[in-house]
Each structure stands twice: as C-alpha cells, then as structure tokens.
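In: what would the 3D arrangement of this be:
(chains A and B)
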2 protein chains.
Amino acid sequence: MVEALSQLPGIGAKTAQRLSFHILSMPKEEVEAMTGAISSARENVRYCAKCQTLTDEDICPICKNPARNHRQIMVVENSRDLAAYEKTGKYEGVYHVLHGAISPMKGISPADIRLKELMERLKDDVDEVIIATGCDLEGETTAMYISKLVKPAGINTTRIAQGVPVGGDIEYVDEVTLLKALEGRTKL
Amino acid sequence: MVEALSQLPGIGAKTAQRLSFHILSMPKEEVEAMTGAISSARENVRYCAKCQTLTDEDICPICKNPARNHRQIMVVENSRDLAAYEKTGKYEGVYHVLHGAISPMKGISPADIRLKELMERLKDDVDEVIIATGCDLEGETTAMYISKLVKPAGINTTRIAQGVPVGGDIEYVDEVTLLKALEGRTKL
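Out: Coordinates of the predicted model:
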C-alpha cells in the first residue's frame, strides 16, 4: 500500500506511510467505499463527445445545457482551465478542451492534442472561437496555430487579453506583461 | 543613530543597530561622503516642471529628450511606475506622474494629485493620453476620472490592458482577471 500510494504526485514515502496507517485504522466498510469510489470514477470518467472535457456522461453538463451559447467556443488547454473560467460564472458559451498545448520542446505536435475534434465542431454554426490557452510560450504557439486553422473558415477568432492582473501594482509587474498591456491598450 | 535609522521603512531596531555598528567601523571620510550624498540628494531632488517626476534638474532627462514622442503622454501614479515602464525600453512617449491616486477611503481627492499640471500640459499638441494607473480600485477610479477630464478635449484616451500576465497559467489566475481577459479579448 505504501509503495502504491507513494506513486501519487506530491506524496512521498513518509506521507504514504502516514496515509497507510490511517487507512489501516479506518472501518473496513469505509475503506471499501473509498476504493469503490476511486475505481468507479476511473472506470466511468471519459471525454465529452463534444468538448472533450472529463465527464462521467457521453455529453458533459455544459454541452448539454440549452441555455449556453453553443455558437461561442472557448478553447482551453485542460479541464482545470475550464473549471477556472466556469468559476467566474459569467461565461455563457461552451468550451473545447485540447488536453495539452503544442510544444516542440516536449515533442507535443498539433496531432497530439484534440484539434481534429475542434475542427470537426466548426462544421456546425459557430460565431466565435475564443482562444484561452495559457499565456506562456506553448499556449501562444497553440493560439497562433489554431487561429491559422480557424480564420480561413471565416469564423471570428479572438484571444483573451494579456496585461496587468486586476489589483496589480504596475511597479511589480514584469516588463513583458507591461509591454503587452501597452500594446493591448484600449480606447476609453 | 540607531533611533534615526530605525525610522526608515523595513528597518527595525535590530537592523538599525547592525547598520550603526557598521557605520562606526567605516573610515570617517566614507561616512562623510555618504551623509553628504544623502543630504545633497534630498536638497536637490525636485519635481520635473513638465512631467512631475523626481529629478535633480528643472526638466527631467525624458522630457528633455527630443527623440521621445512628446505628443504621447503616459499617466502613472508614481516615479517607481515610470521606472518600471522605462525598463521595458520600448515606450517612446513621455510621462506624467500623478504622485498618488484618487482614494475616497484614504481621503485623497483629485486636487491632491498632480492633475492640474496634466490638464495644463494638454493645452499643447497631444495625440494620446495613455492611462497607466494601477489596476486596483484606486487606480481604476483615477483612470475613470482622468478619462472624463481628457476626452472632452478631443484627445485620444486609452487604458493599458488588463488580463492574464505573460507566462501566466489560466488555472492560477484570479476570477476577476479572467473575466477582464475575456471582456478585453482581441481579434486575431
């Protein structure tokens, strides 16, 4: 058990031992419930047939929701980023989860992320593709790649703004971000 | 000496004592040179007659520089923010330093910051006023106030972009910034 648990990220030998002793002290039924929950989650979680996010249904609740704007697709790198945008509670479109970003350094090519599935979805009526990949090198590369694919289809392609974070003090913001904020300035 | 030094920000009684012992061990001439430098800096530093930044001349080197674009004025809260933008090395306009931001909470009114001086400068030919006050509540309030003053004069008024900082991972960015990044998205 210690060996198995210490394979998890952030759990070293000592923590694994501590967890193991705790599990050994738990009632047998609780342990069974826990292992059952883990097994069934692993068994049942799959990718949404539309947006590719992790879900336990064929189509995820967001893609199923008729109140969402299905003509506006926000492209994110992973389900955690989707969750971050969902938490804002203000985005009413749907998502597309790439499960990665293009990275020549790490040998991740466009074929390794779920771009084919995105292109497939664009055959339906889509008004806007919002590219919300990360603002690091890989996210930017992916954004450029996607915009080159999507724009010829005549679909509005936008990129989330880069700039000073809200609450940010100019003097503590890095130079590249300050430049992006200057370049991306908007009319008042 | 310990008492005097411990008045400085970030210097407590212990550090003040350590500094004092160091000063006592320094050659007398070096101590004299140091106190002289401090006195003369305090004596000679004043506000640039144009942009109001701290300088030891009547007009600061940036305002004096004919290679800068004097028709583009970036409004910042203080000289530290000016320095941050100067470090990017890419901004070619000039600045205006407010020395504060409007804050009803702290009792700082528009009359307490150098807005009159800004309005005075706008009587010359100015193409654009870039408002680069902070992205916190006070910076935003100040930005709104300035835009209401400047826009009727028919001068282009812009605000630096708010959004995800460069290198930023979407999942770790706060919700308000994510929303700003979504609202401020740009066409690709």
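In: output the longest helix belonging to chain A.
Out: Assignment by DSSP state H gives helix A:28-44 as the longest helix of chain A.
In: can you give me how far the helix or strand following that one is from the chain middle?
Out: Beyond helix A:28-44 on the C-terminal side, the first helix or strand identified by DSSP states H and E is strand A:46-47. Remark: strand A:46-47 is offset 13 Å from the chain centroid, using Cα atoms, centre = their mean, to the nearest Å.
In: circling back to that earlier point, what residues does the longest helix of chain A touch?
Out: The contact list for helix A:28-44, computed with Cβ atoms under 8 Å, 6 or more residues apart in numbering or on different chains, reads A:23, A:26, A:56. Placement of C-beta: from N, CA and C, glycine included.
In: inside helices: which ones of these?
Out: Taking DSSP H as the definition of helices, these contribute residue A:23.
In: what's the burial count for the residue nearest to residue A:162 when sequence neighbours are not counted?
Out: Nearest residue to residue A:162, sequence neighbours excluded (Cβ to Cβ, 6 or more residues apart in numbering or on different chains): residue A:180, at 4.3 Å. Look at residue A:180: counted by other Cβ atoms under 10 Å in any protein chain shown, it has 24 neighbours.
In: rewinding a little: export the longest helix of chain A as CSV, just CAs?
Out: Provided in CSV are the C-alpha atoms of helix A:28-44 (Å, rounded to 0.1, in the frame of the first residue of the first chain):
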residue,chain,number,x,y,z
LYS,A,28,-13.5,-1.9,6.7
GLU,A,29,-16.7,-0.5,5.1
GLU,A,30,-15.3,3.0,4.7
VAL,A,31,-12.1,1.7,3.1
GLU,A,32,-14.3,-0.3,0.7
ALA,A,33,-16.4,2.8,-0.1
MET,A,34,-13.3,4.8,-0.8
THR,A,35,-11.7,2.2,-3.1
GLY,A,36,-15.0,1.7,-4.8
ALA,A,37,-15.3,5.5,-5.5
ILE,A,38,-11.8,5.6,-6.9
SER,A,39,-12.4,2.5,-9.2
SER,A,40,-15.7,3.7,-10.4
ALA,A,41,-14.5,7.2,-11.1
ARG,A,42,-11.6,5.8,-13.1
GLU,A,43,-13.9,3.4,-14.8
ASN,A,44,-16.6,5.9,-15.7
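In: that one: how far from the chain's middle?
Out: That offset, for helix A:28-44, works out to 26 Å (Cα atoms, centre = their mean).
In: please apply the same query to stretch A:87-107.
Out: On Cα atoms, centre = their mean, the centre of stretch A:87-107 falls 4 Å from the chain's centre.
In: touching chain B at all, that stretch?
Out: Yes - if you take Cβ under 8 Å from any Cβ of the partner chain as the test, stretch A:87-107 does meet chain B, through A:87-88, A:90-91.
In: was I right to think the residue nearest to residue A:162 contacts residue B:164?
Out: No - look at residue A:180 against residue B:164 with Cβ atoms under 8 Å: they stay out of range, at 9.4 Å.
In: overlap in contacts of the two?
Out: A:162-163.
In: so for residue A:131, what's the pLDDT?
Out: Per-residue pLDDT puts residue A:131 at 95.
In: how much space between the residue nearest to residue A:183 when sequence neighbours are not counted and residue A:173?
Out: Of all residues not flanking residue A:183 in the chain, residue B:161 sits nearest, at 7.6 Å (Cβ to Cβ, 6+ apart). Using Cβ to Cβ, to the nearest Å, we find residue B:161 at a distance of 11 Å from residue A:173.
In: go on, residue A:39?
Out: Distance from residue A:39 to residue A:173, by Cβ to Cβ: 46 Å.
In: in which helix or strand does residue A:52 reside?
Out: Per DSSP H and E: residue A:52 is located in neither a helix nor a strand.
In: for it, what are phi and psi?
Out: Note on residue A:52: its backbone torsions stand at phi 70, psi 10 [degrees, to the nearest 10].
In: how about it, what does it touch?
Out: A:96-99, A:114, A:117.
In: nearest to residue A:12, out of these: which one, please.
Out: The nearest member of the contacts of residue A:52 to residue A:12, counting by Cβ to Cβ, is residue A:99 at 27.6 Å.
In: wait, isn't the closest one in contact with residue A:80?
Out: No - applying Cβ under 8 Å as the test, residue A:99 and residue A:80 come out as separate, 11.0 Å apart.
In: residue ranges of the strands in chain A, please?
Out: A:46-47, A:54-55, A:69-76, A:93-97, A:128-131, A:156-159, A:186-187 (DSSP state E).
In: could I get the ones you listed in a markdown table, plus columns for mean neighbour count?
Out: Formatted as a markdown table, those follow (neighbours: other Cβ atoms under 10 Å in any protein chain shown):
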| stretch | mean neighbour count |
| --- | --- |
| strand A:46-47 | 15 |
| strand A:54-55 | 19 |
| strand A:69-76 | 20 |
| strand A:93-97 | 24 |
| strand A:128-131 | 22 |
| strand A:156-159 | 20 |
| strand A:186-187 | 12 |
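In: got the contact list for the one helix or strand in chain A whose mean pLDDT sits lowest?
Out: Counting by mean pLDDT, DSSP states H and E, the weakest-scoring helix or strand in chain A turns out to be strand A:186-187, with a mean of 82. Strand A:186-187 is contacted by residues B:156-159, B:161, B:184 when judged by Cβ under 8 Å, 6+ apart.
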